[in-house]
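Participant: my questions are about this predicted structure, shown below with the sequence.
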Amino acid sequence: DTGVSQNPRHKITKRGQNVTFRCDPISEHNRLYWYRQTLGQGPEFLTYFQNEAQLEKSRLLSDRFSAERPKGSFSTLEIQRTEQGDSAMYLCASSVQGAGTEAFFGQGTRLTVV
Amino acid sequence: GENVEQHPSTLSVQEGDSAVIKCTYSDSASNYFPWYKQELGKGPQLIIDIRSNVGEKKDQRIAVTLNKTAKHFSLHITETQPEDSAVYFCAAMADSSASKIIFGSGTRLSIRP
C-alpha cells in the first residue's frame, strides 16, 4: 500500500492522559500536514512540515499539542493532558512541493476522550 | 487569512439528476482549488482539482468551474449514482513556499433511488 498511513485508527483514552499518533506519508512527499476534523465540519489545519521543518502552526494547536517530523519522513502528533474537547478525527496528508500540490489524506485517527 | 464558504450544507437529488455545489474564497492569492469526497469513517479523497489559469475542467461525470474575478468555484456532478452519496469538501490553497489547504464546511450529498 503506497498511500498515507495513520496509526492507530482508533484511540480511546481517559481525560488527562497523553496520546501519540503516527503518520507515514507517501514516499518522497516532502510536505506533511496535520488536520483535525469534528463531526459535521471540514478539516481544520493544525500544522505543516516541509521536510523536517515545521513551517506553520495554527492557533488551534495549544501548548498541549506537539508535532515532530525528525527525519523528514514519518511524523508524530502528541496531545498531552487530553481533554474531552480533543475528541475528533486527526487527519494527516502529504504532498510533493512543486510537482502539483495534490494532497493525499490518510484514513485518520479517531480520538475519543472519556 | 483564507476563508472558504460552501453551500449548500445538505443536498438531496434524484438518481440520474445533476448536483451542483458552490464555494467562495476570500484570498486573491489562492490559485489551487481541490475538491474532496469523504465517505463515512474514511479520510477525504481528492476527486478533481482546478488551477487559477483554467476556467473549467471535466473528468467523466464531474466538472469544476472557476471564476477568479468573483472568487467563486463550483462542482458539478451529472447523471448522479447511489455511490455519489458522500460528503464533499471544496478547498483553496495558495501554492507558495509555505501554505496550507483551507477547507469549506462540507456538503452532504444524498442520492435518492
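Facilitator: Arrived safely.
Participant: next, give phi and psi for B:N3.
Facilitator: Note on B:N3: backbone dihedrals following degrees, to the nearest 10 are phi -140, psi 130.
Participant: near chain B at all, the helix or strand bottoming out on mean pLDDT in chain A?
Facilitator: Counting by mean pLDDT, DSSP states H and E, the weakest-scoring helix or strand in chain A turns out to be strand A:53-57, with a mean of 90. Yes. Figure legend: strand A:53-57 in contact with chain B (CB under 8 Å from any CB of the partner chain); contacting residues A:55-56. C-beta here means a position set from N, CA and C on the backbone, and glycine is covered the same way.
Participant: and the strands in chain B?
Facilitator: Assigned by DSSP state E, chain B shows strands spanning B:4-7, B:10-14, B:19-25, B:32-38, B:45-51, B:56-59, B:62-67, B:72-77, B:86-92, B:102-103, B:107-112.
Participant: let's have those in JSON lines, adding mean pLDDT.
Facilitator: As requested, those are exported to JSON lines (pLDDT from 0 to 100):
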{"stretch": "strand B:4-7", "mean pLDDT": "97"}
{"stretch": "strand B:10-14", "mean pLDDT": "97"}
{"stretch": "strand B:19-25", "mean pLDDT": "98"}
{"stretch": "strand B:32-38", "mean pLDDT": "95"}
{"stretch": "strand B:45-51", "mean pLDDT": "94"}
{"stretch": "strand B:56-59", "mean pLDDT": "94"}
{"stretch": "strand B:62-67", "mean pLDDT": "97"}
{"stretch": "strand B:72-77", "mean pLDDT": "98"}
{"stretch": "strand B:86-92", "mean pLDDT": "96"}
{"stretch": "strand B:102-103", "mean pLDDT": "93"}
{"stretch": "strand B:107-112", "mean pLDDT": "97"}
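Participant: chain B contacts on chain A?
Facilitator: Taking CB under 8 Å from any CB as the criterion, the neighbours of chain B within chain A are A:4, A:6, A:33, A:35, A:40-45, A:48, A:50, A:55-56, A:91, A:93, A:97, A:101-108.
Participant: got the residues of chain B near chain A?
Facilitator: Chain B has residues B:6, B:32, B:34, B:36, B:41-46, B:49, B:89, B:91, B:93, B:95, B:97-98, B:100-106 near chain A, with proximity defined as CB under 8 Å from any CB.
Participant: give me the neighbour count for the residue nearest to A:T82 when sequence neighbours are not counted.
Facilitator: For A:T82, ignoring the flanking residues on the chain, the nearest one in space by CB to CB, 6 or more residues apart in numbering or on different chains is A:V113 at 4.7 Å. Other residues near A:V113 number 19, with proximity taken as other CB atoms under 10 Å in any protein chain shown.
Participant: what is the mean pLDDT for stretch A:83-102?
Facilitator: The pLDDT scores in stretch A:83-102 average 86.
Participant: can you give me the end-to-end span of that stretch?
Facilitator: 33 Å (CA to CA, to the nearest Å).
Participant: just the buried residues of that stretch, please?
Facilitator: In terms of neighbour count (16 or more other CB atoms under 10 Å in any protein chain shown), stretch A:83-102 has its buried residues at A:86-96, A:101.
Participant: repeat for stretch A:33-51
Facilitator: For stretch A:33-51, the buried set under the neighbour-count rule, 16+ other CB under 10 Å, comprises A:33-37, A:42-50.
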